[in-house]
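# dropping a prediction and its sequence here:
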Amino acid sequence: MARWKGRITLGTKRGVAAALLLLGACHPRPETSFDAQQPRTAAVRNIGNFSESLRCMDDLLAAHGKRDIYITTAGIPDATGLIAAGTKEMFISAVSRMAAKSGGFRFVDYDITQLDVQILSELVGLRQDFVAPSYYIRGAITQLDSNVLSSSQSAGISLARLDLGVSSDQVVSVISMDLNAARLVTRQILPGISASNSIAVVRSGRGADVGGLIGKAGVSFSVSLDKSEGFAQAVRNLVELSTIEVLGKLARVPYWECLSIEPTNPAFRTEARQWFDLMGPEERRRFTEAALLRTGYATNGGDITPAVARYQADHDLVPSGRVDFELYYRLLASDPDRARGTRPAAVPAAAVAEPIVPLPPAAVPAAPRLTLTTARGARPSFRVGDAMVVQARPTADAYLYCYYQDGTGEISRIHPNRFQPDALVPAGRDVAVPPASGAFAIRFDRPGQEQVACLAADREVGLLLPEALKRQDLEPLPVRSLDEIAARFRGMAGVRVEDARLPIEVTR
């Protein structure tokens with residue numbers, strides 16, 4: 001590095017002093033010069049036309065108990081090649097606003113087109129902050145029809161000493177977007193979990209007016225667009241609307257309420273009917289019981305038939321006490337604010353137009369039965385250095401939680417885990433722990449007696465577990481025995497639990 005040598009001469013010093021005097025004359029208070037150069041236009045947050053709808057979705061997800069649905073996307077490209085907009089970031093922003101309080105959705109940022117789950121697991125190892133997403137969203141800007149409609153009007157008048165003329169024109173362009181949801185592990189697109197929306201961008205001829213119109217299920221949304229960036233803002237509105245729709249379908253919540261669409265709209269009744277038909281009797285009962293608890297009509301445990309009948313009578317439904325589609329649709333679209341209220345007063349019998357027909361009490365369903373085994377049977381023996389895979393199979397749909405106790409007595413949760421985040425296991429289906437992808441292994445390093453305990457619950461209890469059991473998977477838990485864990489599961493009111501154990505002998 002070169003260094004200057006020498007000194008400032010008298011003439012140079014005088015020149016510097018003169019320059020300082022001139023600066024002082026231009027700015028009498030030099031210490032304020034930095035403030036004087038600050039930008040005079042304040043930053044403004046970009047607010048889309050569906051910002052309120054995203055906040056409504058946040059409340060809706062919380063009211064329906066939807067939480068920790070892990071998703072990702074590789075982006076929403078422009079298949080037309082004519083619009084430049086950051087659609088992936090728009091999608092992430094929409095998901096963030098939708099889950100700010102509820103935590104309904106968690107976005108995991110990695111490119112599913114470059115890495116599959118097994119390779120990704122090998123790269124990231126067993127990091128505590130990684131959870132593999134269950135679903136991914138794919139889609140594109142699929143259509144841009146510029147100038148699909150163009151109109152022009154003009155008029156003029158000519159006088160002896162004066163000529164007048166006026167003109168106006170209008171240009172309409174159509175932008176379309178399609179989104180779909182798929183399971184990450186199988187890469188299978190989920191039927192019916194999709195959104196397809198179009199916006200008509202209208203530019204008026206005076207050069208100052210830009211507007212937009214989205215049609216959905218017989219309802220039109222008028223949206224405001226910036227006159228200089230009409231297409232980009234139109235795409236943001238499409239992203240927000242499509243995100244509400246596709247994630248609302250994925251979570252099975254009445255998202256149309258957040259779009260101010262009446263629940264009597266036949267398009268959405270048909271959609272809800274499909275959800276109802278896909279549910280089994282036990283899933284319908286669990287949904288109904290949770291909704292009645294939320295609205296204050298039922299308490300934990302016991303027969304819900306009287307609570308169903310009371311709710312039906314209070315909401316102008318036939319008070320049969322049975323779980324039918326009309327009850328499901330009314331509970332699905334129930335006001336989330338009632339979840340924060342108290343139980344409504346019972347309606348006097350005289351006020352009920354149709355008497356409640358007494359029904360025989362329904363038998364309380366038993367807890368899902370559960371079997372555990374390995375490739376070496378239900379009472380396996382292994383040698384030091386061997387690896388083990390546990391196969392669990394419930395007889396009914398169940399939420400499965402498995403814990404492993406090693407020879408030292410240390411206990412950790414092995415299912416669900418960051419590579420198998422979904423606790424729900426369908427009836428009669430085997431689930432392998434660890435998964436076949438080889439994400440992690442259970443390998444024995446010393447002789448002794450070890451054990452695996454799996455608990456099959458008839459409902460999702462992850463949020464109800466005590467804090468001691470909510471630690472990261474594969475990490476030691478502050479409990480003394482597997483019996484203590486089972487006792488805490490059984491201590492949750494209204495939850496039916498099956499406990500299955502797998503004793504393991506490890507020899508040299």
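On my side now, so go ahead. Numbering: from 1, shown residues only.
# when you work out contacts or count neighbours from here on, use the C-alpha atoms and nothing else.
Fine.
# give the helix, strand or coil label for Gly438.
Using DSSP: H, G, I helix; E, B strand; the rest coil, the structure places Gly438 in coil.
# distance-wise, check it relative to Trp256.
To Trp256, Gly438 is 41 Å away according to Cα to Cα, to the nearest Å.
# again, but for Glu245
Glu245 sits 8 Å away from Trp256 when distances are taken as Cα to Cα.
# please apply the same query to Ala468.
38 Å.
# of the two, who's got more company?
Between Ala468 and Trp256, Trp256 has the larger neighbour count (other Cα atoms under 10 Å), namely 19 against 10.
# enumerate every residue touching the more buried one.
245, 262-263, 268 (Cα atoms under 8 Å, 6 or more residues apart in numbering).
# also Arg429?
Contacts of Arg429 (Cα under 8 Å, 6+ apart): 393-394.
# ok but it is inside a helix, no?
No. Secondary structure of Arg429, determined by three-state DSSP: coil, with no helix assignment.
# tell me the buried residues in the helix or strand harbouring Ser198?
Taking DSSP states H and E as the definition, Ser198 sits inside strand 189-204. Within strand 189-204, the residues that count as buried by 16 or more other Cα atoms under 10 Å are 189, 193-204.
# closest to Arg383 out of those residues?
Ile189 (42.7 Å; Cα to Cα).
# show me the shaky parts of the protein.
Low-confidence segments of the chain, defined by pLDDT under 70: 1-48, 110-130, 146-171, 203-230, 300-301, 334-368.
# can we see that at 50?
1-27, 33, 44, 123-126, 149, 159, 161-167, 207-208, 228, 336-365 (pLDDT under 50).
# how does it divide into domains?
Per the record, the chain has its domains at 51-270, 279-351, 370-507, by automatic domain parsing.
# ends of the last one, how far apart?
Okay, so that is domain 370-507. 27 Å.
# just the strands from the stretch 151-300 of the chain, written as ranges.
163-183, 189-204, 210-216, 219-224 (DSSP state E, counting those that start in this stretch).
# whoops, the stretch 1-150 of the chain was the one
69-73, 105-107, 135-158.
# which other helices and strands does the first one contact?
By that I understand strand 69-73. If you count contacts as 3 or more Cα pairs under 8 Å, 6 or more residues apart in numbering; DSSP states H and E, strand 69-73 packs onto strand 105-107, strand 135-158.
# what lies in contact with the shortest one?
Think strand 105-107. Under Cα under 8 Å, 6+ apart, the answer for strand 105-107 is 67-72, 92, 95, 98-99, 133.
# before we move on, back to that, just give me the closest of the buried residues of strand 189-204 to Arg488.
Once Cα to Cα is applied, the member of these that ends up nearest Arg488 is Ile193, at 36.6 Å.
# who touches that closest one in this structure?
180-181, 246-247, 249-250.
# re earlier: make JSON lines out of the contacts of strand 105-107 and add neighbour count and distance to Gln143.
As requested, the contacts of strand 105-107 are exported to JSON lines (neighbours: other Cα atoms under 10 Å; distance: Cα to Cα, whole Å):
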{"residue": "Arg67", "neighbour count": "16", "distance to Gln143": "34"}
{"residue": "Asp68", "neighbour count": "16", "distance to Gln143": "33"}
{"residue": "Ile69", "neighbour count": "18", "distance to Gln143": "30"}
{"residue": "Tyr70", "neighbour count": "18", "distance to Gln143": "29"}
{"residue": "Ile71", "neighbour count": "22", "distance to Gln143": "25"}
{"residue": "Thr72", "neighbour count": "23", "distance to Gln143": "23"}
{"residue": "Ile92", "neighbour count": "21", "distance to Gln143": "22"}
{"residue": "Val95", "neighbour count": "24", "distance to Gln143": "24"}
{"residue": "Met98", "neighbour count": "28", "distance to Gln143": "26"}
{"residue": "Ala99", "neighbour count": "23", "distance to Gln143": "29"}
{"residue": "Pro133", "neighbour count": "26", "distance to Gln143": "29"}
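# how about Ala309, what does it touch?
Applying Cα under 8 Å, 6+ apart, the residues near Ala309 are 319-322, 356.
# list just the nearest of those residues to Thr507.
Nearest member of those to Thr507, counting by Cα to Cα, is Arg322, at 55.9 Å.
# which residues in this protein form helices?
Along the chain, counting by DSSP state H, helices occupy 10-26, 33-36, 51-63, 87-98, 117-124, 230-251, 266-278, 281-295, 305-314, 325-332, 482-490.
# those: which one's closest to Val108?
Among these, helix 87-98 sits nearest to Val108 (Cα to Cα), with 9.8 Å.
# which elements pack onto the closest one?
When contacts are defined as 3+ Cα pairs under 8 Å, 6+ apart, helix 87-98 sits against helix 51-63, strand 105-107, helix 230-251.
# would a markdown table of those with mean neighbour count be doable?
Listed next are those as a markdown table, based on neighbours: other Cα atoms under 10 Å:
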| stretch | mean neighbour count |
| --- | --- |
| helix 51-63 | 21 |
| strand 105-107 | 20 |
| helix 230-251 | 23 |
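# how about these in JSON lines, adding distance to Thr80?
Below are those laid out as JSON lines (distance: least, Cα to Cα, whole Å):
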{"stretch": "helix 51-63", "distance to Thr80": "27"}
{"stretch": "strand 105-107", "distance to Thr80": "27"}
{"stretch": "helix 230-251", "distance to Thr80": "13"}
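# among those, which comes closest to Gly448?
Among the helices and strands packed on helix 87-98, strand 105-107 sits nearest to Gly448 (Cα to Cα), with 40.4 Å.
# strands paired with the closest one, and their directions?
Partners of strand 105-107 in the sheet, by DSSP bridges, are strand 69-73 (parallel).
# what sits up against stretch 395-412?
By Cα under 8 Å, 6+ apart, stretch 395-412 touches 368-370, 413-416, 423-428, 446-461, 473-477, 479-482.
# list only buried entries from those residues.
368-370, 413-416, 423-425, 448-459, 473-474, 476-477, 482.
# which of the contacts of stretch 395-412 fall in strands?
Those of those mapping onto strands are 370, 413-415, 424-425, 448-457, per DSSP state E.
# look up how far Tyr401 lies from the residue lying closest to Leu502 once chain neighbours are set aside.
What sits nearest to Leu502 in space, not counting adjacent residues and going by Cα to Cα, 6 or more residues apart in numbering, is Val452, at 5.0 Å. In this view, Val452 and Tyr401 are 11 Å apart by Cα to Cα.
# with Glu245 instead?
Distance from Glu245 to Tyr401, by Cα to Cα: 31 Å.
# can you check Ile137 too?
28 Å.
# who wins for most neighbours among the contacts of Ala309?
In terms of neighbours by other Cα under 10 Å, those top out with Pro319 at 23 neighbours.
# is that one in contact with Arg310, as I believe?
Yes. Assessed by Cα atoms under 8 Å, Pro319 is found in contact with Arg310 at 6.9 Å.
# any common contacting residues for the two?
By Cα under 8 Å, 6+ apart, no residue touches both Pro319 and Arg310.
# phi, psi for Met279 please.
Dihedral pair for Met279: phi -80, psi 140, per degrees, to the nearest 10.
# what is the burial count for it?
For Met279, using other Cα under 10 Å, the count is 12.
# hang on, Pro434 packs against Ala441?
Yes. Counting by Cα under 8 Å, Pro434 does reach Ala441; the two are 6.2 Å apart.
# which one's more surrounded, those two?
Neighbours around Pro434 and Ala441, counted as other Cα under 10 Å, are more numerous at Pro434. The numbers are 21 against 13.
# dump the residue contacts of the more buried one.
Counting by Cα under 8 Å, 6+ apart, the residues that Pro434 touches are 389-390, 414, 440-442.
# check Val108 too.
Applying Cα under 8 Å, 6+ apart to Val108 gives the contacts 70-72, 131-133.
# now with 7 Å?
70-72, 133 (Cα atoms under 7 Å, 6 or more residues apart in numbering).
# report the separation between it and Ile137.
With Cα to Cα as the criterion, Val108 and Ile137 are 11 Å apart.
# can you check Pro191 too?
Where Ile137 is concerned, Pro191 sits at a distance of 13 Å (Cα to Cα).
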